[in-house]
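S.K.: need a structure here:
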Amino acid sequence: MDPTTDASPASAVRGRPSPLTLPVVLAGVVLVAMSISGTAVALPSMGRDLDASGSALNWVVAGYNLAFAAMTLVAGSAADRVGRRRVFLGAALVFAAGFLVTALSPAIVVTDLARIVSGAGGAGIMAAGGAILASSYDGAARNRAFALMGTMAGIGIAIGPTLTGFLITATGWRGSFAIFTAIGLLIALGSTRTRESRADSAGPIDRAGNALFVAALALLMFTLLEAPALGWTHPVILVTGITGLATLAIFSAGQRRSAAPVLAPSLVANRGFLGWGLATLTTSIGFLGVLVFLPTYLQTTGGFSPAAAGVVMLLLTAPVLFTPMVAVTLVNRGVAARLLIMVALVLVVAGNLLLTGLNADDTVTAVAAPLLMIGIGMGASFGITDGQAMALVPADIVGMATGFLNTLRGAAEALVIAAFGASLAGLLTVRLGDAGDAAAVSAGRLTGGAGAAAQLDAFTWAWQVTQLGVALLCLVLSIVVGVLLLSAPRSHHHA
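M.R.: Reported below is the predicted structural model:
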């Protein structure tokens, strides 16, 4: 056996973790978070260079998030069985390879496929990284480790748009992806010095369950992204939508009978764990639509450069730098975590409602307070959600549980990007009467002349209506979270 391997999660907690464990995992988290938030700033430049718009351009971000959502649960379960360090290392290499292909891509189709590869790698980094922390630390130390993980995710999200904007201005969008490739390789190298761990009671990998889960999410995502262009009654859309729902139902039924499920039914049946999971899903929904689509609106309506748009996005992302540690400090000092998460959800809902006042005349003034509110709510969720949820999970399935939480985040992010983009395109088509013009406007390209004013008004109106839908969805989900957390038994742990 590898002398750095510890087959027992319990003994891994008692032993001293490698000094590189926390730095390497946190560096991976920063990189994955930056790749999510920073790419949105690059979309207008990529669209012009690759002559892409509509769903093809949206797949640059949505494809990444789809792969992230689909593969995080798979990677978490695999990490418990084959080794958390091994999965982390492999995922970092896959992540870097996808970014390298993206930097060299000659066409939007190649870019979309490369982004899917990077998303799968990002999933492994997050799921295996969280499992490494959960198996290496306990109690208050675990709380701090996960709060730092949330903080570093916040740093990545915060600096992603700004740093990527400056990189694009200096080196072009291809140069920014090349830099991400180099950092990914460094993280892979660093992970070789961390200690291996795996579950001591791991069974065989549920390959059928893995395949069904990935297929279901892929089919549903394709349906959401392509329906605005093809039409909801198009035979392809009907077939993929129905097949996706049926595949998801088959997956759910199969997990109840599997000897080694990808997603243990006991996790979903745990009201406390499910409540915390839905909380992170809700904050992700309220955060991601704004994060991905607002930079394009700023560059289109206000004439902002990529770097300037990235600076404005700091209003949304900067609060995520410090609120995770503030939240976990309050919890460790006795403030109820349930109270904090409900306050966070209220802030996210209120911020999204206020963003319905977005307009092209005083954009920064209109978005400042709402962006700060959403950012604070998201940061607080980052700081406490994972630690509270993991306190309710047996040690042998920490990888699965971490994967499930990140799958909820990734699925929410992928679906909100698809739905937000579809809503903008659909509403613009209704207002402008031409699907081609609608796709171009939603990608940030207005036509010159008198028609530009009408397109600008239509873009603003579509944004406001879409934002109202997001706010109402977050409100409903927040109510469900409150009911689940209030009805769940309290954890006896401090994680």
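S.K.: For the rest of this, base every contact and every neighbour count on C-alpha atoms.
M.R.: Noted.
S.K.: how does this protein divide up, domain by domain?
M.R.: With domains defined by automatic domain parsing, the chain comprises 9-206+259-487, 207-258.
S.K.: Assign a three-state SS to residue 446, would you?
M.R.: Following DSSP: H, G, I helix; E, B strand; the rest coil, we place residue 446 in the coil state.
S.K.: element containing the residue lying closest to it once chain neighbours are set aside, please.
M.R.: Leaving out its chain neighbours, the residue that sits closest to residue 446 by C-alpha to C-alpha, 6 or more residues apart in numbering is residue 452, at 5.7 Å. Using DSSP states H and E, residue 452 maps to helix 450-487.
S.K.: just to revisit the earlier point, tell me the most buried of the domains of the chain?
M.R.: domain 9-206+259-487 (a mean of 22; mean count of other C-alpha atoms under 10 Å).
S.K.: Check the offset of it from the chain's centre.
M.R.: Relative to the chain's own centre, domain 9-206+259-487 is displaced by 2 Å; criterion: C-alpha atoms, centre = their mean, to the nearest Å.
S.K.: wait, doesn't residue 39 sit right on residue 164?
M.R.: Yes - contact criterion C-alpha atoms under 8 Å: residue 39 and residue 164 qualify, at 7.4 Å.
S.K.: can you list the domains of the chain in TSV and add mean pLDDT?
M.R.: Listed next are the domains of the chain as TSV, based on pLDDT from 0 to 100:
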stretch	mean pLDDT
domain 9-206+259-487	81
domain 207-258	83
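S.K.: Show me what the strand or helix carrying residue 32 is packed against.
M.R.: Element membership of residue 32, judged by DSSP H and E, is helix 21-50. Here helix 21-50 touches helix 54-82, helix 108-136, helix 139-191, helix 271-301, helix 306-312, going by 3 or more C-alpha pairs under 8 Å, 6 or more residues apart in numbering; DSSP states H and E.
S.K.: What strand or helix carries residue 411?
M.R.: Going by DSSP H and E, residue 411 is in helix 398-432.
S.K.: rewinding a little: now the angle between helix 271-301 and the helix holding residue 452, please.
M.R.: Counting by axes from the mean of the first three to the mean of the last three C-alpha atoms, to 10 degrees, helix 450-487 lies at 170 degrees to helix 271-301.
S.K.: Next, the angle from helix 450-487 to helix 398-432.
M.R.: 150 degrees.
S.K.: So which elements touch helix 450-487?
M.R.: helix 271-301, helix 337-354, helix 398-432, helix 435-442.
S.K.: Recalculate using a threshold of 7 Å.
M.R.: For helix 450-487, the packing partners by 3 or more C-alpha pairs under 7 Å, 6 or more residues apart in numbering; DSSP states H and E come out as helix 271-301, helix 337-354, helix 398-432.
S.K.: okay if I get those as CSV plus distance to residue 72?
M.R.: Listed next are those as CSV, based on distance: least, C-alpha to C-alpha, whole Å:
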stretch, distance to residue 72
helix 271-301, 14
helix 337-354, 24
helix 398-432, 5
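S.K.: Report all helices and strands that the helix or strand hosting residue 380 contacts.
M.R.: Here residue 380 sits within helix 363-390, counting by DSSP H and E. Helix 363-390 sits against helix 139-191, helix 271-301, helix 314-317, helix 319-332, helix 337-354, with contacts defined as 3+ C-alpha pairs under 7 Å, 6+ apart.
S.K.: list the helices and strands the longest one packs on?
M.R.: Under the contact criterion of 3+ C-alpha pairs under 7 Å, 6+ apart, helix 139-191 touches helix 21-50, helix 84-104, helix 306-312, helix 314-317, helix 319-332, helix 363-390.
S.K.: on that earlier part again, among the helices and strands packed on helix 450-487, which comes closest to residue 160?
M.R.: helix 271-301 (10.4 Å; C-alpha to C-alpha).
S.K.: Output the contacting helices and strands for that closest one.
M.R.: helix 21-50, helix 306-312, helix 337-354, helix 363-390, helix 398-432, helix 450-487.
S.K.: Nearest to residue 279, out of those?
M.R.: So among the helices and strands packed on helix 271-301, helix 450-487 is nearest, using C-alpha to C-alpha, at 6.0 Å.
S.K.: Using JSON lines, please lay out the helices and strands packed on helix 271-301 together with distance to residue 329.
M.R.: Output for the helices and strands packed on helix 271-301, formatted as JSON lines (distance: least, C-alpha to C-alpha, whole Å):
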{"stretch": "helix 21-50", "distance to residue 329": "19"}
{"stretch": "helix 306-312", "distance to residue 329": "29"}
{"stretch": "helix 337-354", "distance to residue 329": "11"}
{"stretch": "helix 363-390", "distance to residue 329": "9"}
{"stretch": "helix 398-432", "distance to residue 329": "22"}
{"stretch": "helix 450-487", "distance to residue 329": "20"}
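S.K.: Relative to residue 152, how far out is the residue nearest to residue 445 when sequence neighbours are not counted?
M.R.: Excluding the flanking residues, the one nearest residue 445 by C-alpha to C-alpha, 6+ apart is residue 300, at 6.8 Å. Noted for residue 300: a distance of 30 Å to residue 152, by C-alpha to C-alpha, to the nearest Å.
S.K.: go on, residue 275?
M.R.: 24 Å.
S.K.: Next: residue 181.
M.R.: 19 Å.
S.K.: do the same with residue 100
M.R.: Distance from residue 100 to residue 152, by C-alpha to C-alpha: 24 Å.
S.K.: Many thanks, we can stop here.
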